[in-house]
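Peer 1: Turn this into a structure:
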Amino acid sequence: MATSKYINTKILYLLVFLQLLGIIGGQIIINPPDLDEQMEEFLKENSEYESVKSFEKGEDDPEDQDEEEEQGPGILTVGIHFIDTEYTMDYYKKTFKAFILAEASYDCEKCFEAEEMIDKVFKLFAMNELAYKKKELPIVRREVPSLTHPRISIYFKGTLYEYQKGCHLDLFISFLNRHLFPVVALETREDIEEFQDTSKEWVENTPLYNGKYRKLGRIFDEMEKVTRVIAFVSDKKEHQYELKQLKEAAKELGFRDDLRIAKIVNKDLVMEYKEEMGTKWFDEGSTNSMVVFSSSKASGSPLNYYDLSSETVHLSYWINSASIEHLEKMNVFSVQIMESMHMPMYVAFVDVKKKKYVERSNQLLQVIRKVAYDYPYFLFGYFDNNSYDAKKNLIGIEGEEMPQFALFNPPNNVTVVFPTDKEINQENIRLFLDNGLDAAMKGEPIFKDQPKKKSKSNKSKIKETNDDL
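Peer 2: Numbers count the residues shown, from 1 in each chain. From the prediction side, this is the model:
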């Protein structure tokens, strides 16, 4: 029975393939006009494609597999649009307002996993489980011989947004959704209350999911940071520019898995919240405000908000700044935010559990909290998790002694470590912050009794720091 099903399936594949080429019937058609419709019909009718869950888990009916199928698709085999020249790329940009660009190298072993993910995305669009403007989103392929890792991007209205989070299907779809539909439209009080609750996953209702949202589930539950932003706009005609800037900022920040941005333009509802929340969410004389809700905020702490009626600021920078604390407890999302801001970073490594380190670690954190507000051109963060020990070496911190801290400036590729023989107090830390980077660049000592050293600027090391933190 299994053998018969296997043979019938193979025959079906062959017939469909020949029919698509136009060979059956005595003619060869190079570009059959109904290829997309035939392929979609074939995918729907073939029993191997019945369950989207099988794509998600990488499972198929064992009876329908042979060794070649178990290996998954080969590199650059998924998709029907290929780029071989810059002219072809320009053609696709003009033809499609949006498409997925999946680049790979035939010598790239890590590209196989990405190929499987792209294959699943292709099938989900073919089965109408995903949709863009009620049809499939084109997948465009390009060979880049020098690649050692797959490179997947979204082209949307003139800009390429690169995806850098591996090959998890639903994370990629979420990334896709944040760029194609960058701002969520909230329409009711219930919508607002659900969206601002960062303890719960927001259920998307954008057209991409075609009525059935694919939850992140356990991935969301394990996120160490969740950030939501709501723009309250009482007059959308008067603030068209601000709404456009908000949309651009949302696309620019679409790389952040922790972030989702929304707007509410119902004047009556905005006025209700203005009256109810007052200066907790709005400036005194304004009815237009952008409010940040973060899971890392302590309950009852003041929320960060920005008056949309005031002088214009760079919204993506402001949202990033408002997403972190003056002294941020670091995690993978915090590092991602800080790196994208391209500012000097003060990073401390503390241990508030081991008895011999607790007192000095708490003393350091207390001092930093006092001085951080006086240095707005620095970003301050600390790690208190032993799993980050390996990262100390990447910014020049050696040994197991705690606490330790350093300054590093990604734009200038400079790093400098606070001397372990110096007392942790406000005076020394302020001196370190004031003179540390300049002294390191000039090869001069920070403290008077410190021997002169050569600068340890190391481009490759700093690049590794930025990639690994």
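
Peer 1: Mark out where each domain of the chain begins and ends.
Peer 2: 1-49, 181-323, 328-468 (automatic domain parsing).

Peer 1: Serialize these to CSV and add fields for mean neighbour count and mean pLDDT.
Peer 2: Every residue, glycine included, has its C-beta placed from N, CA and C. CSV is the format used below for those (neighbours: other Cβ atoms under 10 Å; pLDDT from 0 to 100):
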stretch, mean neighbour count, mean pLDDT
domain 1-49, 12, 39
domain 181-323, 17, 94
domain 328-468, 16, 80
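
Peer 1: can you redo these as JSON lines with distance to residue 130?
Peer 2: JSON lines is the format used below for these (distance: least, Cβ to Cβ, whole Å):
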{"stretch": "domain 1-49", "distance to residue 130": "13"}
{"stretch": "domain 181-323", "distance to residue 130": "6"}
{"stretch": "domain 328-468", "distance to residue 130": "26"}
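
Peer 1: right, and these - which one's nearest residue 79?
Peer 2: Nearest of those to residue 79, taken as Cβ to Cβ: domain 1-49 at 11.8 Å.

Peer 1: Look up which residues are beta-bridged to residue 380.
Peer 2: Residue 380 has these beta-bridge partners by DSSP bridges: residue 346.

Peer 1: Let me see the contact set for it.
Peer 2: 326, 327, 328, 345, 346, 368, 372 (Cβ atoms under 8 Å, 6 or more residues apart in numbering).

Peer 1: among these, which are in strands?
Peer 2: 328, 345, 346 (DSSP state E).

Peer 1: Any figure for the gap between residue 252 and residue 411?
Peer 2: 19 Å (Cβ to Cβ, to the nearest Å).

Peer 1: Revised request: answer the last question for residue 284.
Peer 2: Residue 284 is 38 Å from residue 411, by Cβ to Cβ.

Peer 1: Next: residue 404.
Peer 2: Distance of residue 404 to residue 411, given as Cβ to Cβ: 23 Å.

Peer 1: What of residue 174?
Peer 2: Distance from residue 174 to residue 411, by Cβ to Cβ: 30 Å.

Peer 1: Check residue 95 and give its pLDDT.
Peer 2: We have a pLDDT of 91 for residue 95.

Peer 1: count of residues packed around it?
Peer 2: Applying other Cβ atoms under 10 Å, we find 10 residues neighbouring residue 95.

Peer 1: Repeat that for residue 80.
Peer 2: Quick note: residue 80 (other Cβ under 10 Å) scores 12 neighbours.

Peer 1: Ramachandran coordinates for it?
Peer 2: phi -120, psi 0 (degrees, to the nearest 10).

Peer 1: Local confidence estimate at it?
Peer 2: pLDDT at residue 80 comes out at 82.

Peer 1: next one: stretch 140-154 to chain centre, how far?
Peer 2: 18 Å (Cα atoms, centre = their mean, to the nearest Å).

Peer 1: end-to-end on it?
Peer 2: 10 Å (Cα to Cα, to the nearest Å).

Peer 1: Adjust the sequence numbering to begin at 175 for everything that follows.
Peer 2: Okay, residue one is now 175; in that scheme the one you just asked about reads as stretch 314-328.
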